[in-house]
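> Structure for the following, please:
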Amino acid sequence: MTTDFRPSGDADAFTLRRRPPAEKLVDTGFRQLTLALASLVAVVLLGIFLVVFDGAREAIGQFGLRFLTTSAWDPVNEEYGAFTAIYGTLVTAILSLVIAVPLGLGTAILITEDMLPRALRDGVGLMVELLAAIPSVVLGLWAIFVMEPAIRPALQLIHTLLGWSPLFDTVPQGPGMAPAILILVVMVLPIITAISRDALNQVPIELRQGAYGVGTTRWGAIFSVILPAAISAITGGVMLALGRAMGETMAVTMIIGNAMNFSPSLLAPGNTIASMLANQFGEADGIQVSALMYAALILMLLTFAVNVMAQWVVRRLSLRY
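Below is the predicted model:
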């Protein structure tokens, strides 16, 4: 007999069982391998942070916190400030989520709640997943040649109606913040939809049946029972999409205009930290390299803050619901 259970308080069967030496060796090896791989991830992350910080030290010492609040980017006079890129990163990412979250969550509800025939639901889900497989450079080309000319009349109408506002006081003439926001919507939509769909599918059927049993409507069950039960996972997916939007490079670089002059207008050309790095790092030298590393460090800290906030929000929502 290879099993011999002995009473020992509240110890489980796994710890009580007399395991063969080979099994113990495999368990120990697997545990140590898992620990090593997990530690390797932390070491790589710390190494990346230290390399970026080391490259940014010169700019940190020369510009300090002024780098965060000024928008001058003058390689001739060696004056640098990343406010324009920081503003563009935050505004494009947040506004893209404002549009993508209702679309993605609505699509997930449409797929999971039997509102369409099964074949049509499967087709919608497949198209959303295929959207995530399109390379960002292809989406950037599509944005330049198809999307931006198509939406320009609508943007001109917005400027005509709301041009008194600083957010819309620029005449749209091509690449700008608004097209960049819309292409980010296309890019983060599959993430939000897929995670929301999986979260809704994980809601126990008993909750749905209980809601219908007390006489609620379909939409009442969705908003009162199903969404609260899946809200923590959905929120985690939204935060993941926010991190993706903040770090997206190629498609945004191709459509945002890459202007370093600050303008609050959503219709004017702008910039993001990722697109600024992609455009300028290849030709930078001297203090400009350090300034770009400083901007990269800011982007890392922003994405780290997003992940920490996501963990906190998900934990709070899990405890509440």
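
> what's the average pLDDT for the one helix or strand residue 45 maps to?
In this assignment (DSSP states H and E), residue 45 forms part of helix 21-63. What helix 21-63 shows for mean pLDDT is 87.

> Touching whatever helix or strand comes next after that helix from outside, list them.
Counting by DSSP H and E, the next helix or strand C-terminal to helix 21-63 is helix 66-69. Contacting residues not belonging to helix 66-69 are listed as 59, 60, 80, 81, 82, 83, 86, 291, 294, 298 [CB atoms under 8 Å, 6 or more residues apart in numbering]. (Each C-beta comes from the backbone N, C-alpha and C, glycine too.)

> Which one of the residues you listed is nearest to residue 53?
Of all those, residue 60 has the smallest distance to residue 53: 8.3 Å, by CB to CB.

> all strands for the protein, in order.
Counting by DSSP state E, the chain has strands at residues 73-74, 79-80.

> closest to residue 99 out of the ones you listed?
Taking the strands of the chain one by one with CB to CB, strand 73-74 is closest: 29.0 Å.

> now the helices: where do they sit in this protein?
13-16, 21-63, 66-69, 83-112, 118-132, 136-142, 148-162, 177-201, 205-213, 218-221, 227-247, 250-255, 273-280, 287-320 (DSSP state H).

> what's the closest of the ones you listed to residue 265?
Of the helices of the chain, the one closest to residue 265 (CB to CB) turns out to be helix 177-201, at 7.3 Å.

> Do me a favour and average the pLDDT over that closest one.
The average pLDDT within helix 177-201 is 90.

> Check stretch 253-261 too.
When pLDDT is averaged over stretch 253-261, the result is 87.

> now do the same end-to-end measure for it.
16 Å (CA to CA, to the nearest Å).

> What residues sit buried inside it?
By 16 or more other CB atoms under 10 Å, the buried positions in stretch 253-261 come out as 253, 254, 255, 256, 257, 258, 259, 260.

> Distance check, the first one against residue 150.
Just to be clear, that refers to residue 253. 20 Å (CB to CB, to the nearest Å).

> Where does the prediction get shaky in this protein?
Low-confidence segments of the chain, defined by pLDDT under 70, span residues 1-17, 19, 321.
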